[in-house]
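Student: sharing a sequence plus its predicted fold:
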Amino acid sequence: DGDLNDETQTKQIENYIANQVDMIMVDPITFDGSSVALNKAVDAGIPIIIYDGYWNEGAEKAITTVTWDQKATGTLTGEYFINYIRENCGGKATIVELTNAVSTHCQERFVGLHEVFDASGCEIEIIGLYDSEGNREKAYNAITAVVEPFDFVISDVDNGAQGAVAALQMVGNTDVKVLSMGAYGKEPFSLLYNEDPNYLACLNVDAWVLAQWIIDGAIDHFEGKAVPTQTNIDLFVVDSSNVTDFWSDFE
């Protein structure tokens, strides 16, 4: 775990190089923060697979990049949100946003989100942008500290969304709705299946599909087969109406 720190991740990559590993699979914290170390790996003949995020030299030097369209993540979430507030809130909404400031690809999600907001014609007020660092406790504390009235929380990652849900439940607030721009698994999908009053929707990032493309890329590389330069997994917005299409393990 690079712990959202380029220096830590760089040291880890350098350690793998020293240990002469056969391949390095890495989720870069930023586009270029570990470039020096990754280039050392390439020079040492160690193949690189990038996943989740991006490496600014990945198209030329990595075996493959397995990720998803970060801007489209925000776009899809934004389109769902706009349709929701038009149908349920008269096209008006006050929002708190939870972000992960150090993550460049998380920031792209908000670019897509805000472009949809700007083109919507809806009355949207963002009263706060808080850096939860992808941490539930920090998201919980951020939402607890908001004193102005708000209607929605939109988080770039699900740890932030879950922290927000916990903060709202702690004070018995069942009116504010939370959206996550990246989630997968029993926890978020169970909330949707049970129609949790706070957890409204999430952008489905299927970890199994992501992992399959990563492993397939590694196998194809070692077997001398062609590997695509980049693969973007499919994205879907999930709410209570369609959650059973993506997850069946409900109690």
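Tutor: Yep, that arrived.
Student: what does the helix or strand where Ala164 lies rub up against?
Tutor: Using DSSP states H and E, Ala164 falls within helix 158-170. Outside helix 158-170, the residues that touch it by Cβ atoms under 8 Å, 6 or more residues apart in numbering are 96, 98-100, 132, 134-144, 153, 155, 174, 176, 178-180, 182-184, 187-188, 191, 196, 198-199, 202. Glycine gets a C-beta too; all of them are placed from N, C-alpha and C.
Student: do that again at 6 Å, thanks
Tutor: With Cβ atoms under 6 Å, 6 or more residues apart in numbering as the test, helix 158-170 has contacts from 98, 132, 134, 136, 139-140, 143-144, 153, 155, 176, 178, 180, 183, 188, 198-199.
Student: what does stretch 19-28 give?
Tutor: 16, 34, 41, 46-49, 51-53, 55.
Student: repeat for stretch 206-218
Tutor: 49, 51, 64, 66, 184, 227, 231, 233.
Student: if you set the cut-off to 7 Å instead, what comes out?
Tutor: 23, 25, 49, 51, 63-64, 66, 184, 227, 231, 233 (Cβ atoms under 7 Å, 6 or more residues apart in numbering).
Student: which one of those is nearest Thr104?
Tutor: Of all the contacts of stretch 206-218, Thr104 sits closest to Tyr51, with 15.1 Å by Cβ to Cβ.
Student: just for the protein, where's the confidence low?
Tutor: Applying pLDDT under 70 to the chain flags residues 251.
Student: now the strands for it?
Tutor: 24-26, 48-52, 64-67, 92-99, 123-131, 152-155, 177-183, 199-204, 230-232, 236-238 (DSSP state E).
Student: on that earlier part again, counting neighbours, which of the contacts of stretch 206-218 comes out on top?
Tutor: Val66 (26 neighbours; other Cβ atoms under 10 Å).
Student: surely that residue meets Tyr51?
Tutor: Yes. Counting by Cβ atoms under 7 Å, Tyr51 is a contact partner of Val66 at 4.6 Å.
Student: circling back to that earlier point, put the buried members of the contacts of helix 158-170 into a ChimeraX selection.
Tutor: Here is the ChimeraX command that selects only those of these that count as buried (16 or more other Cβ atoms under 10 Å):
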select :98,132,134,136,139,140,143,153,155,176,178,180,183,188,198,199
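Student: circling back: compile the strands of the chain into CSV and extend it with columns for distance to Thr73.
Tutor: Shown next, in CSV, are the strands of the chain (distance: least, Cβ to Cβ, whole Å):
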stretch, distance to Thr73
strand 24-26, 20
strand 48-52, 12
strand 64-67, 10
strand 92-99, 13
strand 123-131, 17
strand 152-155, 11
strand 177-183, 5
strand 199-204, 5
strand 230-232, 10
strand 236-238, 10
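Student: closest one to Arg109 among the ones you listed?
Tutor: Short answer: strand 177-183, nearest of the strands of the chain by Cβ to Cβ, at 4.8 Å.
Student: strand 92-99 and that closest one, what's the angle between them?
Tutor: Between strand 177-183 and strand 92-99, the angle comes out at 40 degrees (axes from the mean of the first three to the mean of the last three Cα atoms, to 10 degrees).
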